[in-house]
Each structure stands twice: as C-alpha cells, then as structure tokens.
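S.K.: okay, sequence plus prediction incoming.
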Amino acid sequence: MSTDKERCPWCLGFEQYIKYHDEEWGVPVHDDQTHFEFLILEGAQAGLSWATVLKKRENYRNLLANFSAKKVANFDQSKIDELLQNPGIIRNKLKLNGAVTNAQKFLEVQQEFGSFDRYIWSFVDHKPIVNKIKSMKEAPATSPESDALSKDLKKRGFKFVGSTIMYAHMQACGLVNDHLLSCFRFREVIK
C-alpha cells in the first residue's frame, strides 16, 4: 500500500485495513449480496472493533456460504451450534441467530421491493450523502437517515440493526461519503 497518500486516520492500523479503506469503504454498493455481507459483518461488529471483524471476514465468507442470504436463511440450530465452535468467527449465539433471522428478513425485503438495494437506497433518496468533514471528530455516529432505516428494519424483525450499526453500513456501502476532505479517496468516491 502506498504511504504517500493522505488517508482517513482510522484505517492506518494494518495493511488489510488500508486496503479496505482504499478499495471499498464509501464506494456506492448496488449489489444485494454485498449489502447482505455488510449487514452480517456490521451486526457481528456490535460492541467490537471493525478491525476485529475485518480480520475474520474471509472466515465468515467461507462459513456463511459466501454470504448467500438464501443459504443462511436455512441454517438450523445444529448449523449454528457448529459455527459456535469455530474460532475463525465471532462466536456469539445471539449474533449468529441474528444473522439467520436477518437473512430471512432480507429475503422478505427483496420480495417486497424487488431488491434490498432499492429498499436501502430509498432512505437517502437514491444518491449518496456527501459529508464534507475535516476531522474524525466531525464524523457522526448516526444520522436522521440511519435512525429511520434502523427503525424500519427493527419493525420488519431484523436484529443488530441499531442506528449506529446502520450508519456504519451506510458508510461502508457508500450511501454516505465520510472520507475526510483531505483523504485522497474523498474525490475518487464521488466520481
């Protein structure tokens, strides 16, 4: 990774974090499978650092059927018990049960709206919110949009979808551009 570029300071801990920042974070996502992946990973992060989850991402991908909502929706208790034995993921029963519930609810949203993408982007009028922040202190943890999204997802029966988690999802999937103005990715993501 190049060190000659100015980046958001949160990503400077290790190379995988920098790669995530430089290639994924804040890029508008319009693929349902990617939305499902981040929904699961952001839920797994609750109470932990994103770095912890990022380091386990490939294990999640392998163990959760490449983030196939259809497959995860059919995981039974024996499959969850099997996953709870695997140190390659965050072994939290509530989070794993929540992943199965969220897969089922995700499929319901797809059925109702034609895609999860169409549903989630409606909360930002189908265009990214560009926050022009100068320091990480200015970056919000929630927004009126993440509040509304969280409230609607909870009403639909989703788990681990609080406003802070959903704001992180919105940042990750480009519904919000929270790259610092000084970060080289700020302008690239807008394009």
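M.R.: Yep, that arrived. Because the structure is a prediction, the values reported are computed rather than measured.

S.K.: please enumerate the helices of the protein.
M.R.: 15-23, 32-45, 50-63, 69-72, 77-83, 93-113, 116-121, 144-155, 163-172, 184-190 (DSSP state H).

S.K.: which one of those helices lies closest to residue 132?
M.R.: helix 184-190 (8.3 Å; C-beta to C-beta). (Each C-beta comes from the backbone N, C-alpha and C, glycine too.)

S.K.: C-alpha coordinates for that closest one, CSV please?
M.R.: Provided in CSV are the C-alpha atoms of helix 184-190 (Å, rounded to 0.1, in the frame of the first residue of the first chain):
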residue,chain,number,x,y,z
PHE,A,184,-7.4,11.1,-1.5
ARG,A,185,-10.5,8.8,-1.6
PHE,A,186,-13.0,11.6,-1.0
ARG,A,187,-12.9,12.8,-4.6
GLU,A,188,-12.5,9.3,-6.1
VAL,A,189,-15.6,8.0,-4.3
ILE,A,190,-17.7,11.0,-5.6
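
S.K.: which residues touch it?
M.R.: Here helix 184-190 makes contact (C-beta atoms under 8 Å, 6 or more residues apart in numbering) with 5-8, 21-22, 25-28, 128, 130, 174, 177, 179-180.

S.K.: show the average pLDDT along it.
M.R.: Averaged across helix 184-190, the pLDDT comes to 93.

S.K.: tell me which of the helices of the chain lies nearest to residue 134.
M.R.: helix 184-190 (10.7 Å).

S.K.: show me which parts of the closest one are buried, residue by residue.
M.R.: 184, 185, 186, 189 (16 or more other C-beta atoms under 10 Å).

S.K.: how close does the residue nearest the centre of the chain get to residue 32?
M.R.: Closest to where the C-alpha atoms of the chain average out (C-alpha atoms, centre = their mean) is residue 38, at 3.0 Å. Taking C-beta to C-beta, to the nearest Å as the measure, residue 38 falls 11 Å from residue 32.

S.K.: check residue 157 too.
M.R.: With distances taken as C-beta to C-beta, residue 157 is found 18 Å from residue 32.

S.K.: out of those two, which sits in the more crowded spot?
M.R.: Applying other C-beta atoms under 10 Å to residue 157 and residue 32 shows that residue 32 carries more neighbours, namely 20 against 12.

S.K.: one step back: could the helices of the chain go into JSON lines alongside distance to residue 136?
M.R.: JSON lines is the format used below for the helices of the chain (distance: least, C-beta to C-beta, whole Å):
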{"stretch": "helix 15-23", "distance to residue 136": "13"}
{"stretch": "helix 32-45", "distance to residue 136": "18"}
{"stretch": "helix 50-63", "distance to residue 136": "14"}
{"stretch": "helix 69-72", "distance to residue 136": "33"}
{"stretch": "helix 77-83", "distance to residue 136": "34"}
{"stretch": "helix 93-113", "distance to residue 136": "27"}
{"stretch": "helix 116-121", "distance to residue 136": "25"}
{"stretch": "helix 144-155", "distance to residue 136": "18"}
{"stretch": "helix 163-172", "distance to residue 136": "12"}
{"stretch": "helix 184-190", "distance to residue 136": "13"}
